[in-house]
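Undergrad: here is a sequence together with a model predicted from it:
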Amino acid sequence: MYDIAIIGLGPAGATLARLLDKRFKVVAIDKKRDQNLGFRKPCGGLLATDAQKALSRFDLTLPKDVLVDPQIFAVRTLDLRTGLTRHYQRFYINLDRHKFDLWLKSLIPHEVEIFDNAQVTRVARKSDCFEVCFAQDGKERQLKAKYVVGADGAQSLVRKMLYPNKKIRSYVSIQQWFRESNPNPFYSCVFDPENTDCYSWSISKDGSFIFGGAYPANNCRERFERQKQRLQEIGIQFGEVQKTEACLVLRPSKLDDFCCGYDNAFLIGEAAGFISPSSLEGISSAINTAYDLSKVLNAGTTNPCAAYRRKTLGLRIKLFCKVLKCPFMYFPPLRKLVMKSGLDSIHMA
């Protein structure tokens, strides 16, 4: 019997496990194992300024082995419908996402009991606690906890089992790694309304070139391949495929999409829908919601779910405002107007 069970140790779960008061008996269940084995989060691995700011409140500095080459300070934005190209300054940190997650996990105090390489199979409410069933190394295991926290991302089992009616618009994110064959490394943001009403990206990383995008589930792989073909026609080189990854990504469209949880069950990070609908950036919200929940639980509030919802009100409003920003990025006539104006773009020599 535990006080708090955390499902998932990505940026949200690892931050919460690190910040909880030592008076709690805490357990965490995580799919990751080590550097080479177990689950790896499919992700381009760019740390945006909001995520950097979220980390800075804890006075944390990134270790050198988390960083990768190159560090680039501009994004090449392509609109395949109009043929327009613009460069915009961005202050991303290029990193190895798996090493970043493992680094955050390494900061968790030893008092927290961790089950690695484990997959949760069921979460159920009991009269005075939650029952969590999971598989680890081929064995079925079970534990009970007063509070359960879903930090298990877009495909959150906690959300699915406890709040089945809380559904959010979702896309399939497909990403391929290639041997770098472009003469100069670059980041890009690609708009191609013929294949997706979201966006695609490319990143250069330690001798590899990554191309990925978020696509409607219907014919998503065909959309991905068509887009690659269009980019090859304008000179982007893809080289030899090293690996292909895919995952679900959420994209909230209304305030009701955010689900913080009820009755001693909490959702943090993307499991709660806290991800930017315009950029799909979610690490900053993962860290910030974990911090908010830790403050609530450490304070011993009588109604922690209501207190957590109040704490996250500002973030919910901020992310909803990004829904209002989306037309300027994703509505082709408005995007064309903004790109043609050259507003805030870099004049390339």
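TA: Alright, I've got the coordinates.

Undergrad: check which helix or strand covers Glu131.
TA: strand 130-136 (DSSP states H and E).

Undergrad: quickly run through the sheet partners of the helix or strand following that strand, with directions.
TA: Later in the chain than strand 130-136, the nearest helix or strand by DSSP H and E is strand 139-150. If you go by DSSP bridges, strand 139-150 pairs up with strand 2-7 (parallel), strand 130-136 (antiparallel), strand 265-267 (parallel).

Undergrad: columns distance to Leu104, mean neighbour count and mean pLDDT on top of these, output as a markdown table?
TA: Just so you know, the C-beta spots here come from the backbone N, C-alpha and C atoms, and that holds for glycine as well. Formatted as a markdown table, these follow (distance: least, Cβ to Cβ, whole Å; neighbours: other Cβ atoms under 10 Å; pLDDT from 0 to 100):
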| stretch | distance to Leu104 | mean neighbour count | mean pLDDT |
| --- | --- | --- | --- |
| strand 2-7 | 13 | 24 | 98 |
| strand 130-136 | 21 | 17 | 97 |
| strand 265-267 | 19 | 27 | 98 |
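
Undergrad: closest to Cys321 out of the ones you listed?
TA: strand 265-267 (20.9 Å; Cβ to Cβ).

Undergrad: now render the strands paired with strand 139-150 as a markdown table, adding distance to Gly44.
TA: Output for those, formatted as a markdown table (distance: least, Cβ to Cβ, whole Å):
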| stretch | distance to Gly44 |
| --- | --- |
| strand 2-7 | 24 |
| strand 130-136 | 29 |
| strand 265-267 | 24 |
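
Undergrad: buried ones in the host helix or strand of Tyr88?
TA: Per DSSP H and E, Tyr88 falls inside strand 84-89. Within strand 84-89, the residues that count as buried by 16 or more other Cβ atoms under 10 Å are Leu84, Arg86, His87.

Undergrad: same question, stretch 324-342
TA: Cys326, Met329, Tyr330, Arg335, Val338, Met339.

Undergrad: hmm, back to that, Ser173: which of the strands paired with strand 139-150 is closest?
TA: strand 265-267 (20.0 Å).

Undergrad: ok so, going back, export the buried residues of strand 84-89 to TSV and tack on distance to Ala306?
TA: Output for those, formatted as TSV (distance: Cβ to Cβ, whole Å):
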residue	distance to Ala306
Leu84	48
Arg86	45
His87	46
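
Undergrad: Asn218: which of those residues is nearest?
TA: Leu84 (27.5 Å).

Undergrad: Asn184 versus that closest one, what's the distance?
TA: 20 Å (Cβ to Cβ, to the nearest Å).

Undergrad: also Lys31?
TA: Distance from Lys31 to Asn184, by Cβ to Cβ: 36 Å.

Undergrad: more neighbours, these two?
TA: Between Lys31 and Asn184, Lys31 has the larger neighbour count (other Cβ atoms under 10 Å), namely 20 against 7.

Undergrad: tell me who's in contact with the more buried one.
TA: Lys31 is in contact with Gly8, Gly38, Phe39, Asn117, Ala118, Gln119, counting by Cβ atoms under 8 Å, 6 or more residues apart in numbering.

Undergrad: how far away is it from Gly10?
TA: 9 Å.

Undergrad: now do Leu143
TA: 20 Å.

Undergrad: kindly report the same for Pro193.
TA: 31 Å.

Undergrad: and these two? Which one has more around it.
TA: Per other Cβ under 10 Å, whichever of Pro193 and Gly10 has more neighbours is Gly10, with 29 against 15.

Undergrad: which one is that one nearest to, not counting chain neighbours?
TA: Closest residue in space to Gly10, ignoring its immediate chain neighbours: Asp101 at 5.8 Å, by Cβ to Cβ, 6 or more residues apart in numbering.

Undergrad: which residues are in contact with that neighbour?
TA: Counting by Cβ under 8 Å, 6+ apart, Asp101 has contacts Leu9, Gly10, Pro11, Ala14, Lys32, Lys41.

Undergrad: now the nearest residue to Ser156 once chain neighbours are set aside: how far from Gly300?
TA: Excluding its sequence neighbours, the residue lying closest to Ser156 (Cβ to Cβ, 6+ apart) is Ala271, at 3.7 Å. In this view, Ala271 and Gly300 are 24 Å apart by Cβ to Cβ.

Undergrad: ok, now His98?
TA: 36 Å.

Undergrad: those two: which is more packed in?
TA: Neighbours per residue (other Cβ under 10 Å) separate His98 from Gly300, with His98 holding more: 20 against 9.

Undergrad: ok so the more buried one is a strand residue?
TA: No - according to DSSP: H, G, I helix; E, B strand; the rest coil, the state of His98 is helix, so it is not within a strand.

Undergrad: hmm, it is touching Pro42, no?
TA: No - His98 lies out of contact with Pro42 (Cβ atoms under 8 Å); the separation is 10.0 Å.

Undergrad: against which helices or strands is the strand holding Tyr88 packed?
TA: If you count contacts as 3 or more Cβ pairs under 8 Å, 6 or more residues apart in numbering; DSSP states H and E, strand 84-89 packs onto strand 74-79, helix 332-341.

Undergrad: next one: whatever helix or strand comes next after it to chain centre, how far?
TA: Toward the C-terminus, strand 84-89 is succeeded by strand 93-94 as the next helix or strand (DSSP H and E). Distance of strand 93-94 from its chain centroid, counting by Cα atoms, centre = their mean, to the nearest Å, is 15 Å.

Undergrad: strands paired with strand 93-94, and their directions?
TA: strand 46-47 (antiparallel).
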